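Student: What follows is a predicted protein model with its sequence.
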Amino acid sequence: MAIEVKTQNLEMAKSLRQVSQEEHYVPGHRTCQGCGPALVYKLVSKATGGNAIFLGPTGCMYVANTSYLCAPFAYPWMHTQITNGGAVASGIEAAYQVLIRKGKYKGELPSIVVMAGDGGAIDIGLQAMSAMMYRGHDALFVMYDNESYANTGIQVSPATPYGANTTFTPPGKNVPEGRVLFPKDAPQLVIGGHPAVHFVATASVAYPVDLINKVRRGLNYKGPSFVHLHAPCPKGWLFPARKTIEVAKLAIQTGMWVNYTWENGEYTYDHTPKEYKPVKEYMKGQYRFNHLSDAHYAKMQAFIDARLKAPGKPVAIPVQGPREQA
Amino acid sequence: MAKEVFYSGCAAAAYGAKDARVEVISSYPIRPYTGIMMELSKLVANGELDAEFVLGEGEHAQVSIAYGASAAGARAYTGSSGVGVVYAMECYSPAAGGRLPCQMAIADRALDPPGDFGSEHTDVMSARDQGWIMGWAESPQEVYDNTIMYYRIGEDHRVQLPQFCCQDGYFVSHIPGKMQMEDQKAVDAFLPAYNPPHPLNPQKPINHGPQIFPDQGSAINVQRAVAFDDVEAVISEVVTDYNKAFGREYSPFVDEYMMDDADICFFLQGGHARTARYAVNHLRKQGVKVGVSRLRFMRPFPTAAVAASLSKVKAVGVIETNTSYGGVTRGGNIAPEARAACYPLDKRPVITSFMAGLGGEIVTLNEFYSMAKVLSDAVKSGKANASYWMNFEKEVLDTHK
């Protein structure tokens, strides 16, 4: 009964010049100046080459992008609840499998891409994302990570770094560092428990060719793949809008972000600096960390140092949780 | 060839879905609806039904998978019971607002606390304002028939709405009855393949569910409301066609029993109608002029048909089997709607709510006799309480003696 459903074989780009100039994410959006996630949308949609269906769980990229009768998506795009991006994608993929099998849809299986923010991926949307991965649907789950609920006014998410000032973790007399927890490790959540997944990668808007190729490699797999994209948010992190790429690069140079690929159990690393700069250099450029003391910076440095011993793998020495500190 | 079988409501729903040729099914276990998915999974495993069977990780995902599949252009089927139905609540409005005509089979179950497996309509009645077509079957035969009819109603381009295809947990879902299953070719002729006007297709991009500004909201919502205006006409067409094709005798909205000369009636939906008719047979022998008016659709609420039916009698007892705490009659949800439907009548019947069959309790013959007594008294006095909680109210208890 099962027939082969062809999936596209997208070619890797050697440079930006090899990427089509055709835009799929077109004017019509209302994102902020210097918006990292908007750049993610532009690059990911370029990577798909057009035969794609995009799903947008509620998040800043829903609210800032879609206005009725004026939206920037030159491909089929569907809003999902913030909770169920993975589930709606599963339904769409299952529908295409059966429609193609029955000959009701002529053509190759479209690339099905969920564009979830950190909340829609590893917080309220975690269950649906995990189930989509587990069941093995042929879809790509993108987590564009701007490290907060930016849509509702910069509230903390599980991707928010330690020490960040968000509107739900304001620093104060009793909680001087603001955000006390260290973030969830999104790629590890996927790698750790989903046998159907062959491809997980992290990428950054600072390295667009790498980003595009990772999206394409994910899409070339039959089955689910996960790409975690670092997308600085000038409004949420409070740095000048012209510095988005600079901030993204500095994250890699300080080890706050690591670009890597996990493919069938093997890790490979990209853009690794010869020597890491202190995390303070990255943090001091962002107002969200302005209230931190040297002790706080040291705590963050210790976390990053531990993580960099085996980047992309669980931290060997767990950081103290909030109950342990009490 | 049509064949006679002996099926429970769960099996009837599964075979109705199979004959409707559903293409994507999403499941998650919860009693009592689980039996539907157990049957369907066998049919898919055996190759008797060519469909994707997706194991949802919960009811919220079940409905999301179904409406995603529907958006992509497949006929989608799911279902649930009790707390599962309310867990998925967030997903009902997107399905209806997106005009995605998937179907959800409900075998009703009481909500928590305390944990109770019994039948009660409160679960899905909580979702009655989400824009889904909704109605109850009283027998496995009607479950099978409704499953097929609802798809044709919901997928009609004048309608484009999802459907709750409901049956009472256990009383219908688990009690087998003799029923007729139709020939696949005849069902295919009655129910054409799903033909969505705007499926998600890379060759023809659309934006589905963008944000709007507040002043654009009512312009969108009114279209859903207008669709509901059209549903009644479509239901009449579909039920008439179904009766003609398969020799059934459904009235589209209100199924009446001994109503023509009745003074009082029981007004209810679902499987308890069978007990009600049995009680009526007995009461008629005692000289009580009583009938049964059974509601086949809760959404759209068939206002005119209900008013026409209830105007025949002087007193109406609404058997609720659902709760609306602090509601207008301090009873359930059906009586207020029945009262509103009858409000424009020159001569309105007395309408009262009987809170019965909650938590899965059987509505016994004795209770029907008690209710008939309350209604007969109301005919004489011209009034009754707004609601009675069966077996707790003095008026009801007295008649048991």
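Tutor: Nice, I can see it. Numbering: from 1, shown residues only, chains lettered A, B, ... in the order given.

Student: Next, the buried residues of the lengthiest helix in chain B.
Tutor: If you go by DSSP state H, chain B has its longest helix at helix B:217-246. The neighbour-count check on helix B:217-246 (16 or more other Cβ atoms under 10 Å in any protein chain shown) flags B:227, B:228, B:230, B:231, B:232, B:234, B:235, B:238, B:239, B:242, B:246 as buried. (C-beta placed from N, C-alpha, C; glycine too.)

Student: Identify the residue spatially nearest to the first one, adjacent ones excluded.
Tutor: Closest residue to residue B:227 in three dimensions, ignoring its sequence neighbours and counting by Cβ to Cβ, 6 or more residues apart in numbering or on different chains: residue B:159, at 5.6 Å.

Student: what about chain B, any weak spots by pLDDT?
Tutor: B:400-401 (pLDDT under 70).

Student: How much space separates the residue in it that chain A sits nearest to from residue A:77?
Tutor: Residue nearest to chain A within chain B: residue B:68 (2.7 Å; Cβ to the nearest Cβ). For residue B:68, the distance to residue A:77 equals 13 Å [Cβ to Cβ, to the nearest Å].

Student: Those two - which one has more neighbours?
Tutor: Neighbours were counted for residue B:68 and for residue A:77 using other Cβ atoms under 10 Å in any protein chain shown; residue B:68 has more, 37 against 28.

Student: Residue B:320: neighbouring residues, count only.
Tutor: Neighbours of residue B:320 (other Cβ under 10 Å): 30.

Student: next one: the one 4 residues further on
Tutor: One way to gauge burial is a neighbour count; for residue B:324, by other Cβ under 10 Å, it gives 19.

Student: tell me the contacts of it?
Tutor: B:125, B:331, B:332, B:333, B:336 (Cβ atoms under 8 Å, 6 or more residues apart in numbering or on different chains).

Student: sorry, back to before: ok, the residue of chain B closest to chain A - contacts?
Tutor: Contacts of residue B:68 by Cβ under 8 Å, 6+ apart are A:78, A:80, A:87, A:88, A:89, A:90, A:91, A:92, A:95.

Student: just curious, which of these is nearest to chain B?
Tutor: residue A:91 (2.7 Å).

Student: so what's the closest one closest to, chain neighbours aside?
Tutor: residue B:68 (2.7 Å).

Student: ok, which stretches of the stretch 101-250 of chain B are strands?
Tutor: Using DSSP state E, counting those that start in this stretch, the strands of the stretch 101-250 of chain B run over B:103-107, B:133-137, B:163-167, B:177-181, B:207-208.

Student: would a markdown table of the ones you listed with mean neighbour count and distance to chain A be doable?
Tutor: Listed next are the strands of the stretch 101-250 of chain B as a markdown table, based on neighbours: other Cβ atoms under 10 Å in any protein chain shown; distance: least, Cβ to the nearest Cβ, whole Å:
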| stretch | mean neighbour count | distance to chain A |
| --- | --- | --- |
| strand B:103-107 | 30 | 13 |
| strand B:133-137 | 26 | 20 |
| strand B:163-167 | 28 | 17 |
| strand B:177-181 | 17 | 23 |
| strand B:207-208 | 21 | 4 |
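
Student: residues in contact with the nearest residue in space to residue A:84 that is not next to it in sequence?
Tutor: In this structure, residue A:84 finds its nearest non-sequential neighbour in residue B:64, 3.8 Å apart by Cβ to Cβ, 6+ apart. Residues counted as contacts of residue B:64 (Cβ under 8 Å, 6+ apart) are A:80, A:81, A:83, A:84, A:87, A:88, A:90, A:91, A:128, B:91.
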